[in-house]
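**Student:** pasting the structure only:
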Ligand SMILES: NC(=O)C1=CN([C@@H]2O[C@H](COP(=O)(O)OP(=O)(O)OC[C@H]3O[C@@H](n4cnc5c(N)ncnc54)[C@H](O)[C@@H]3O)[C@@H](O)[C@H]2O)C=CC1
Ligand SMILES: CC(C)CC(=O)C(=O)O
Ligand SMILES: [Mg+2]
């Protein structure tokens with residue numbers, strides 16, 4: 001029997017609902033493969049602010065640092081919107097990414113065949129969509145200093161900074177080239193090098209790094225064009241590597257190629273060996289507490305934990321196959337159907353568990 005300790009940080013809004021679904025699926029995998037998963041729960045985000053006055057309490061940091069992998073739901077919501085920027089729920093998430101140096105955020109975008117008509121785009125455009133966004137996660141615009149407000153000439157101004165060291169660009173580029181090696185061998189680096197100095201360094205560094213990967217084809221594209229090309233010809237992409245904010249925005253856009261933001265998983269990896277696995281979506285306050293959230297992104301994130309973090313590839317594939325099976329069988333949460341017959345979060349989860357067995 002293999003024993004693994006998993007830190008569970010449900011967070012806010014639909015976070016707890018979809019995390020519960022992922023745990024149910026992992027428990028089922030545990031039974032099927034004789035693994036013991038020990039789940040240790042921690043507070044993060046708004047709920048942590050409410051209970052501990054801190055979006056990333058010490059206990060959560062300890063539970064996470066002692067784990068074999070972290071499963072996270074989502075953070076944030078209107079209850080905490082009035083707080084200043086450095087005390088908001090989102091700081092808990094940025095904080096844990098930084099604490100564990102989780103600089104590589106892998107966001108696979110794959111259209112399920114059964115959902116080809118769930119995308120608002122024409123089916124011949126989205127059929128066969130299968131690419132990976134490799135988003136830099138601990139630098140760029142979300143982390144650069146200074147980040148502050150100040151009063152200049154009696155007027156308030158706010159500053160965010162987009163800064164990258166060459167070493168930060170190099171290590172994310174290497175992740176992208178490695179990812180491309182086990183895919184179609186194509187990397188597209190997305191930047192705004194016509195305007196941003198940080199993007200010019202990004203482009204130079206990625207180009208230099210490519211010399212070590214002669215088997216991989218590298219192309220560059222400006223981010224505004226990339227946003228358009230994702231819709232125009234999404235099957236042309238293989239691996240996209242990009243800055244933190246660009247990757248954040250492009251991945252939400254890309255989710256609609258698959259039909260819903262509720263379908264996209266992610267893995268955040270660094271040098272420590274402890275990965276963090278979370279859906280791409282946020283806390284969805286508009287549907288929180290209604291048993292309406294699509295749990296598939298969270299369940300697919302648990303599968304990514306098995307694959308990338310716990311070396312349980314067969315088990316991960318079993319989950320991925322179960323997801324395809326339930327969609328082929330017609331199960332649809334409200335975000336992927338116009339019918340009034342949508343299933344609930346719990347019904348979808350039970351269907352996945354059944355499909356596993
Ligand atoms: N990783 C995280 O924890 C993230 C947190 N946030 C936070 O979440 C809060 C809400 O942000 P929004 O901009 O509304 O983005 P969001 O991703 O929470 O929701 C955007 C839209 O997608 C829908 N949606 C999201 N996940 C879904 C799911 N699993 N099933 C069905 N529908 C789903 C929502 O109902 C909403 O209409 C904010 O406080 C924001 O800061 C936003 C993005 C990521
Ligand atoms: C706190 C935000 C950066 C979360 C988010 O939108 C994301 O990581 O996708
Ligand atoms: Mg986002």
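**Tutor:** In hand now; what should we look at? Bear in mind that the values here come from a model prediction, so they are computed numbers and not experimental data. Ligands and ions are numbered 1, 2, ... in the order given.
**Student:** quick one: the helices in the chain?
**Tutor:** Assigned by DSSP state H, the helices in the chain fall at 15-33, 46-52, 58-65, 89-99, 123-126, 166-181, 197-210, 223-232, 244-258, 296-304, 313-328, 345-356.
**Student:** contacting residues around residue 149?
**Tutor:** Applying CB atoms under 8 Å, 6 or more residues apart in numbering, we find residue 149 in contact with 156, 157, 158, 159. For every residue, glycine as well, the C-beta is placed using N, CA and C.
**Student:** mind checking which of these are in strands?
**Tutor:** 156, 157, 158, 159 (DSSP state E).
**Student:** so who does the last one touch?
**Tutor:** Translated: residue 159. Per CB under 8 Å, 6+ apart, neighbours of residue 159: 146, 147, 148, 149, 150.
**Student:** can you tell me the closest non-neighbouring residue to whatever residue of the stretch 51-200 of the chain ends up closest to ligand 1?
**Tutor:** Nearest residue of the stretch 51-200 of the chain to ligand 1 (CB to the nearest ligand atom) works out as residue 76 at 2.5 Å. Spatial nearest neighbour of residue 76, chain neighbours left out: residue 89 (4.5 Å); criterion: CB to CB, 6 or more residues apart in numbering.
**Student:** just residue 99 next, same as before
**Tutor:** residue 61 (6.2 Å).
**Student:** roughly how far apart are that neighbour and ligand 2?
**Tutor:** 17 Å (CB to the nearest ligand atom, to the nearest Å).
**Student:** thought residue 183 was touching residue 134?
**Tutor:** No. Counting by CB atoms under 8 Å, residue 183 sits too far from residue 134 to count as a contact (10.8 Å).
**Student:** neighbour count for those two, which is higher?
**Tutor:** Shown here are residue 183 and residue 134; by other CB atoms under 10 Å, residue 134 has more neighbours (24 against 16).
**Student:** for that one, name its beta-bridge partners.
**Tutor:** residue 106, residue 241 (DSSP bridges).
**Student:** ok, it - contacts?
**Tutor:** Here residue 134 is in contact with 104-107, 172, 175-176, 179, 239-242, 247 (criterion: CB under 8 Å, 6+ apart).
**Student:** number of nearby residues for the residue nearest to residue 99?
**Tutor:** 18.
**Student:** show me what from the stretch 101-250 of the chain comes close to ligand 2.
**Tutor:** With CB under 6 Å from any ligand atom as the criterion, the stretch 101-250 of the chain meets ligand 2 at residues 142, 248.
**Student:** how about the residue in the stretch 101-250 of the chain positioned nearest to ligand 1, nearest residue that isn't a chain neighbour?
**Tutor:** For the stretch 101-250 of the chain and ligand 1, the shortest gap (CB to the nearest ligand atom) falls at residue 248, measuring 8.0 Å. Of all residues not flanking residue 248 in the chain, residue 135 sits nearest, at 6.7 Å (CB to CB, 6+ apart).
**Student:** doesn't residue 251 make contact with that neighbour?
**Tutor:** Yes. Between residue 135 and residue 251 a contact is recorded at 6.7 Å, counting by CB under 8 Å.
**Student:** the two: which is more packed in?
**Tutor:** Set side by side, residue 135 and residue 251 show more neighbours around residue 135, with 29 against 23, by other CB under 10 Å.
**Student:** next up, the contacts around the residue nearest to residue 248.
**Tutor:** 104, 105, 107, 242, 243, 244, 246, 247, 248, 251.
**Student:** what's the neighbour count on whatever residue of the stretch 1-150 of the chain ends up closest to ligand 2?
**Tutor:** Nearest residue of the stretch 1-150 of the chain to ligand 2: residue 90, at 3.7 Å (CB to the nearest ligand atom). Applying other CB under 10 Å, we find 19 residues neighbouring residue 90.
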